[in-house]
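Chemist: sequence and computational prediction follow.
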Amino acid sequence: MEPTNPIKTPKDPTEQIQVGWRQLWAGLKKFFKNLTELKSGLDREGTIVNIRNNMRMQGANSWMLMCSIVIASIGLDQNSQAVIIGAMLISPLMSPILGVGLSVGINDFSSLRVSMRHFGISIGIALFAATFYFLVTPFGEATEQIVARTAPTILDAAIALFGGIAGIISFSQKDKSNAIPGVAIATALMPP
């Protein structure tokens, strides 16, 4: 029995090669388009609502930030990278930063004012908590973990850029992944 839809192959070998290359090229284009396509799992409205609801630094977020700053300060004081990473994971500092990025991205200046104000509040809370910790527990000499955070390089900027891209891709999908903690660790959001 003959197939119902036979593939017509040219008889000329040169034409067969050209057809083969065109089919290969079309297949590769389709493969890479599917590989890099982001819109299918995008939750635009849900992402905007989620970021706007969480960009304020008040209540539980303020307390979590203070606790994470004290934990990070202890980690810096004890030269413990694991403790510093733990502080990064519990820090809610990402929320106002995402709010600033979203506001700039969608050209929403009222949200930008709110998120910038709450980012400033976050910085104030961080400075207060770190200052309080180091006044109560006198600081000896600069540890390796503190010194490592005082000389940023272009590679640190690249980590921040690609971490931000990974974070917003992860955050904007309907099926959330666990990339946000990885982004927080990689970009080291907790200021020393």
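Modeler: Everything's here; your move.
Chemist: which residue packs closest to residue 102, ignoring adjacent ones?
Modeler: In space, and not counting its chain neighbours, residue 102 is closest to residue 51: 4.8 Å by Cβ to Cβ, 6 or more residues apart in numbering. Yep, even glycine has a C-beta here, placed from its N, CA and C like the rest.
Chemist: check contacts around the one you found.
Modeler: Contacts for residue 51 (Cβ atoms under 8 Å, 6 or more residues apart in numbering) come out as 95, 98, 99, 102, 171.
Chemist: and the two most separated of those?
Modeler: Within these, 99 and 171 form the most distant pair, 11.7 Å apart (Cβ to Cβ).
Chemist: okay, these two: which has more neighbours?
Modeler: Using other Cβ atoms under 10 Å, the more surrounded residue of residue 99 and residue 171 is residue 99, with 26 against 21.
Chemist: run a quick neighbour tally on the closest residue to residue 104 other than its chain neighbours.
Modeler: Among residues not flanking residue 104 along the chain, residue 112 sits closest, at 6.4 Å (Cβ to Cβ, 6+ apart). Here the number of neighbours of residue 112 (other Cβ under 10 Å) works out to 17.
Chemist: centroid-nearest residue for this structure?
Modeler: Centroid-nearest residue in the chain: residue 167, 2.5 Å away (criterion: Cα atoms, centre = their mean).
Chemist: what helix or strand is that residue on?
Modeler: Using DSSP states H and E, residue 167 sits in helix 154-171.
Chemist: may I see the buried residues of that helix?
Modeler: Applying a neighbour-count criterion of 16 or more other Cβ atoms under 10 Å, one finds 159, 160, 163, 164, 166, 167, 168, 170, 171 buried in helix 154-171.
Chemist: next up, identify which helix or strand the residue nearest to residue 168 when sequence neighbours are not counted is on.
Modeler: Sequence neighbours aside, residue 101 is the residue nearest to residue 168 in space, at 7.0 Å (criterion: Cβ to Cβ, 6+ apart). For residue 101, the element it lies in under DSSP H and E is helix 94-106.
Chemist: show me what that helix is packed against.
Modeler: Contacts defined by 3 or more Cβ pairs under 8 Å, 6 or more residues apart in numbering; DSSP states H and E place helix 94-106 against helix 44-54, helix 109-136, helix 154-171, helix 179-187.
Chemist: to residue 16, which of those helices lies closest?
Modeler: helix 154-171 (41.5 Å).
Chemist: average pLDDT for that closest one?
Modeler: Averaged across helix 154-171, the pLDDT comes to 79.
Chemist: same check on stretch 11-28?
Modeler: 85.
Chemist: how about that stretch: buried residues?
Modeler: Buried residues in stretch 11-28 (16+ other Cβ under 10 Å): none.
Chemist: just stretch 132-148 next, same as before
Modeler: Buried residues in stretch 132-148 (16+ other Cβ under 10 Å): 133, 143, 145.
Chemist: name the surrounding residues that touch it.
Modeler: 69-70, 73-81, 84, 192.
Chemist: let's see 10 Å
Modeler: Stretch 132-148 has contacts (Cβ atoms under 10 Å, 6 or more residues apart in numbering) with 66, 69-81, 83-84, 150, 188, 192.
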